[in-house]
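# Here you go, sequence then predicted model.
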2 protein chains.
Amino acid sequence: MSDRRLVVIGGDAAGMSAASQVRRSHPNREIIAFERGYHTSYAACGMPYYIAGQIPTSEKLIARKPEVFREKYSIDARIRHEVTSINTTQKHVTVTNLETGDEFNEWYDDLLIATGATPIRPNLPGIESTGVFGLSTLQTGIKVYDFIAENAPNTAVVVGGGYIGIEMAEALVERGIQVTLIDMAPQVMTTMDEDRAELIVPAMRDAGVTVMLEEALEAIIADKNGRVNAVQTNNRSIEADLVILGIGVKPNTELARNAGIEIGEHGGISVNSKLETSVRNIWAAGDCASSLHRITGEQVSIALGTIANKHGVVAGTNISGGNLAFPGVLGTAITKFNELEIARTGVSEREAEKLGMQVRSARIESRTKSGYYPGSGPITVKLVADVVSGRLIGGQIIGSPGSGKRIDTIAMAIMAEMSAFDLAYADLSYAPPFSPVWDPVQTAARQLLK
Amino acid sequence: MSDRRLVVIGGDAAGMSAASQVRRSHPNREIIAFERGYHTSYAACGMPYYIAGQIPTSEKLIARKPEVFREKYSIDARIRHEVTSINTTQKHVTVTNLETGDEFNEWYDDLLIATGATPIRPNLPGIESTGVFGLSTLQTGIKVYDFIAENAPNTAVVVGGGYIGIEMAEALVERGIQVTLIDMAPQVMTTMDEDRAELIVPAMRDAGVTVMLEEALEAIIADKNGRVNAVQTNNRSIEADLVILGIGVKPNTELARNAGIEIGEHGGISVNSKLETSVRNIWAAGDCASSLHRITGEQVSIALGTIANKHGVVAGTNISGGNLAFPGVLGTAITKFNELEIARTGVSEREAEKLGMQVRSARIESRTKSGYYPGSGPITVKLVADVVSGRLIGGQIIGSPGSGKRIDTIAMAIMAEMSAFDLAYADLSYAPPFSPVWDPVQTAARQLLK
């Protein structure tokens, strides 16, 4: 096996985790990774905080540079190299060196597709104007940072109230910019129930963000130099020197699709739990690939660094000849707006009802620490259970510092197919500086038992 | 059933939770609770922080006063009433009113013993000197607070490096007192492995606490007024205007024992999962009762408010005619010394080896947030797994703010009988302000898989 050759398409979390994993088991195997961008292994999730000015340089977001992969791991990582097609019968990829324009083929024994995802850029008038950004690669984050530094925008419109939108609203307020966040939905954070999402908006408004719901982007208005100066919605025109698109991402599957590799209903490359695609010796991992949702049973695409890293290790282990099954996802996510922590896992009540499940839910308010302990703050927990099986299927938390990470306790309960009783009486930690005597997630579980 | 009469012995967490639970299901049942102390339903765990001056009044530690139980719940809660014996054949208790000296009998249909635990006070010369305190009831906490206020001690010796000792050392330093903490063991926090406990001592020393290990208390030295002024150990004499005993507690089981109720090997009143004692219609809950340890299979007594509350609800539900089984404990515990958070669950490596288990362990260092995110701090996680079953059986965390509560994720994995793989690939939350891309508990689980 030592002479098998691995080619990786995409030099970020999933691709480079997999490559490193293969290297650990096979010191002599040839590994080549092509990245069309400028950077490898960076923390895309850190971009809002870099743009906010909270991280001194963009370099801090880079975990490992191509040189490090080459010198320390003997992984031939090549940036500015775009794979333009996959030939699955001859087992080679066609690559363009974006610096020189040279085109060449590289053969593979194993191929990993880790092409990531791209922010959705709706085809609207003016969308290509200067000052309109989506956030995907580190390069895009640097561009936003530089744009702010060079143009000192007074006003910004953030399109979309998901976690990117919320984080970017925080970041731009931090930079002294007047921010309007618009969402076409009647709520922000549509992965949460409306009764939870409505707890987020007041914190944003308190920080000076204008939040407009049921407000759909229709056009970008640019000046004569092609620079954005307003956005047009279904209701009005809003002044904007800067526009951030935070309306979701789509998996980059074109390469795979063109090579005849199966794409799933949700838009990601179809993979089994070993992360094998429909074509033998071709694997997919990260934002471009699908994952089994453990509650809905559906294949979903989740663009999150933590999933990409897990995918990478699982794919890398299997490419190495191991046998690891990715257990699937719950859609666990966490974010914050300033001091307000926001987290969710599993399915929301609305999602469960859409799936035709008969659900019961409970909502409680509690404190992050014992009520009498200094610094104790409010926390709300919502739990959703499936009435038929009795199992917990979802949780949502919104609250003051110390609230959000409690979602992991709920996620573990759901991973373990536990009931509300199991969670309520689990032996969780308690001391006044950390929790009320019943942890808030347990108070919610007890409420559900009533 | 509406005319059954419940008598509760002990007016704190377990007893009053049970009483309230019974009241909810049976609005007309007669419920009498006897408490020999001055307070009902108080947060004993908050005493160190009250003594530290961080909680304005001791009243804040009281969840519900006897008047509230009487008026709002129709529970006849009587403080300063000591039950002196239980007659299990005639089904009555003998009670002394400690204010008047009156003695009387009260009959019961159901009896709940929730007598709590008492700090161990070794029978050593001078142990009854003024200024030597254990912490148990709220009253004892108030006494320590008042003693400090009245005597302004310069020096204190804390005996025992468990969580009470660590919390009291923090509290007394906060009050400007020169603190020496002694422990006869070669480490603090003997419920953790030595390699973890040794991470705690530097933080205590940095705060000015003198920590002396393998230092056994032999006597208390008092002045001619009977007031402590030093402690004598196996090695030396240490100046002390105040001594805190934090060398553990023992369940208050004398009443039960004298009534012929079975006591377990570990010293707590034996109960089944429904919290029934060996005598029909007599229940026990809280610090005085035993719990099944889910890893060791042994009956253990754990004096923690969160267990007492859970016991109370389970006992109350069963007394009400319901059917709830307490699932047992893992010995999950959390504390802190200033900014250093300390938590454990399950069994330590040493405990597992003592039980004859073949174990594997992993220790990792990580960060509480993404390394590049402001405020990210160090965290260490240790995991212990049973080689035979592959199951996780223990975890220990020490680290900066945000570390400790992650023990709950590990506790859930152990409750669910998960393996290191299950934990490593569970869908936990990630965003830079909350976690590295692999949560530290997952990094530890991956280390264990290697």
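All right, it came through fine. Numbering: from 1, shown residues only, chains lettered A, B, ... in the order given.
# Poorly predicted segments of chain A, please.
A:1-2 (pLDDT under 70).
# try 80 this time
By pLDDT under 80, the low-scoring segments of chain A are A:1-3.
# got the domain boundaries for it?
Listed by automatic domain parsing, the domain ranges of chain A are A:5-118+A:250-319, A:121-247, A:333-449.
# And the first one, end to end?
With CA to CA, to the nearest Å as the measure, domain A:5-118+A:250-319 spans 10 Å from end to end.
# on that earlier part again, could you dump the domains of chain A to TSV with mean neighbour count and distance to B:Thr84?
(Each C-beta comes from the backbone N, C-alpha and C, glycine too.) Listed next are those as TSV, based on neighbours: other CB atoms under 10 Å in any protein chain shown; distance: least, CB to CB, whole Å:
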stretch	mean neighbour count	distance to B:Thr84
domain A:5-118+A:250-319	21	56
domain A:121-247	19	53
domain A:333-449	23	30
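# Contact partners for the residue of chain A most remote from its centre?
The outermost residue of chain A, judged by C-alpha distance from the chain's mean C-alpha position using CA atoms, centre = their mean, is A:Tyr372 at 36.9 Å. Counting by CB atoms under 8 Å, 6 or more residues apart in numbering or on different chains, A:Tyr372 makes contact with A:432, B:43, B:46, B:49, B:55, B:60-61.
# Sticking with it, tell me its helix or strand.
Following DSSP states H and E, there is no helix or strand that holds A:Tyr372.
# Skip the chain neighbours and tell me the closest residue to it.
The shortest distance from A:Tyr372 to any non-neighbouring residue, by CB to CB, 6 or more residues apart in numbering or on different chains, is to B:Lys60 (4.1 Å).
# wait, is the one you found part of a helix?
Yes. The assignment for B:Lys60 by DSSP: H, G, I helix; E, B strand; the rest coil puts it in a helix.
# Now tabulate the domains of chain A in a markdown table and tack on distance to B:Leu213.
Output for the domains of chain A, formatted as a markdown table (distance: least, CB to CB, whole Å):
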| stretch | distance to B:Leu213 |
| --- | --- |
| domain A:5-118+A:250-319 | 40 |
| domain A:121-247 | 47 |
| domain A:333-449 | 23 |
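# Show me the one of the ones you listed that comes nearest B:Leu355.
Among these, the nearest to B:Leu355 by CB to CB is domain A:333-449 (18.1 Å).
# so how far is that closest one off the chain centroid?
Taking the mean of its C-alpha atoms, domain A:333-449 sits 21 Å from the chain's own mean (CA atoms, centre = their mean, to the nearest Å).
# Let's see the distance spanning that domain from one end to the other.
25 Å.
# quick one, what contacts the residue in the stretch 1-150 of chain A that chain B sits nearest to?
Distance from chain B to each residue of the stretch 1-150 of chain A (CB to the nearest CB) is smallest for A:Lys60, at 4.1 Å. By CB under 8 Å, 6+ apart, the contact set of A:Lys60 is A:46, A:50, B:372.
# same check, this time on A:Ser291
Per CB under 8 Å, 6+ apart, neighbours of A:Ser291: A:268, A:299-302, A:307, A:311, A:326, A:328-329.
# do you know how far it is from B:Phe421?
Distance of A:Ser291 to B:Phe421, given as CB to CB, to the nearest Å: 17 Å.
# just to revisit the earlier point, and the two most separated of the contacts of A:Tyr372?
Farthest apart among those - using CB to CB - are A:Pro432 and B:Lys60, which lie 10.7 Å from each other.
# A:Ala445 is in contact with A:Phe421, correct?
Yes. A:Phe421 lies in contact with A:Ala445 (CB atoms under 8 Å); the separation is 7.4 Å.
# Between these two, which contacts overlap?
Common neighbours of A:Phe421 and A:Ala445 (CB under 8 Å, 6+ apart) do not exist.
# what ranges do the strands span in the stretch 151-300 of chain A?
Applying DSSP state E, counting those that start in this stretch to the stretch 151-300 of chain A gives strands spanning A:155-159, A:178-183, A:210-213, A:217-222, A:228-233, A:237-239, A:242-245, A:249-251, A:282-284, A:291-292, A:299-300.
# residues in contact with the third one?
Surrounding strand A:210-213, the residues in contact under the criterion CB under 8 Å, 6+ apart are A:161, A:178-183, A:185-188, A:201, A:204-205, A:233, A:235, A:238.
# Name the residues of the stretch 251-400 of chain A found near chain B, please.
The stretch 251-400 of chain A comes close to chain B at residues A:294, A:304-307, A:309-310, A:313-314, A:326-336, A:341, A:343, A:345, A:370, A:372-374, as judged by CB under 8 Å from any CB of the partner chain.
# Now intersect those residues with the helices, please.
A:305-307, A:309-310, A:313-314 (DSSP state H).
# If I follow the layout properly, A:His39 ends up in contact with A:Gln139?
Yes. With contact defined as CB under 8 Å, A:His39 counts as touching A:Gln139 (6.9 Å).
# Quick check: neighbours shared by A:Pro432 and B:Lys60?
Shared contacts of A:Pro432 and B:Lys60, counting by CB under 8 Å, 6+ apart, come down to A:372, B:46.
# What's the local residue count around A:Gly321?
11 (other CB atoms under 10 Å in any protein chain shown).
# The one 10 residues further on too?
Other residues within reach of A:Gly331, judged by other CB under 10 Å, total 23.
# Does A:Ser25 touch A:Gly321 like I think?
Yes. Between A:Ser25 and A:Gly321 there is a contact under CB under 8 Å: 7.2 Å.
# Let me see the contact set for A:Leu275.
A:Leu275 neighbours (CB under 8 Å, 6+ apart): A:283-285, A:289, A:311, A:314-315, A:318, A:326.
# Who's the closest spatial neighbour of it, skipping the chain neighbours?
A:Ala315 (4.2 Å).
# Nearest residue to the residue nearest the centre of chain A in space, please, no chain neighbours.
For chain A, the residue nearest the mean C-alpha position is A:Leu304 (2.9 Å; CA atoms, centre = their mean). Leaving aside its chain neighbours, A:Leu304 sits nearest to B:Tyr430 (6.5 Å; criterion: CB to CB, 6+ apart).
# in terms of contact, does that neighbour touch A:Ile302 like I think?
No. Contact between B:Tyr430 and A:Ile302 fails when scored by CB under 8 Å: they sit 11.0 Å apart.
# what touches both of these two?
The contact lists of B:Tyr430 and A:Ile302 share no entry, where a contact means CB under 8 Å, 6+ apart.
# tell me how far stretch A:184-191 is from the chain's mean position?
The answer for stretch A:184-191 is 17 Å, by CA atoms, centre = their mean.
# Can you measure across it, start residue to end residue?
14 Å.
# Quickly check: it near chain B or not.
No. Figure legend: stretch A:184-191 not in contact with chain B (CB under 8 Å from any CB); closest approach 12.6 Å.
# With just CA atoms, put stretch A:143-158 into PDB.
What follows is stretch A:143-158, C-alpha atoms only, in PDB (Å, rounded to 0.1, in the frame of the first residue of the first chain):
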ATOM      1  CA  LYS A 143     -10.900  41.800   1.600                       C
ATOM      2  CA  VAL A 144     -13.600  42.900   3.900                       C
ATOM      3  CA  TYR A 145     -11.100  44.000   6.500                       C
ATOM      4  CA  ASP A 146      -9.100  45.900   4.000                       C
ATOM      5  CA  PHE A 147     -12.200  47.500   2.500                       C
ATOM      6  CA  ILE A 148     -13.100  48.800   5.900                       C
ATOM      7  CA  ALA A 149      -9.600  50.100   6.500                       C
ATOM      8  CA  GLU A 150      -9.500  51.900   3.100                       C
ATOM      9  CA  ASN A 151     -13.000  53.200   2.800                       C
ATOM     10  CA  ALA A 152     -14.100  53.700   6.400                       C
ATOM     11  CA  PRO A 153     -17.700  52.900   5.600                       C
ATOM     12  CA  ASN A 154     -20.300  54.700   7.700                       C
ATOM     13  CA  THR A 155     -23.200  52.400   7.000                       C
ATOM     14  CA  ALA A 156     -23.500  48.700   6.300                       C
ATOM     15  CA  VAL A 157     -26.300  46.300   5.500                       C
ATOM     16  CA  VAL A 158     -26.000  42.700   6.600                       C
END
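# Give the closest residue to A:Gln187 in space, chain neighbours not counted.
A:Ala197 (4.0 Å).
# Fine by me, thanks again.
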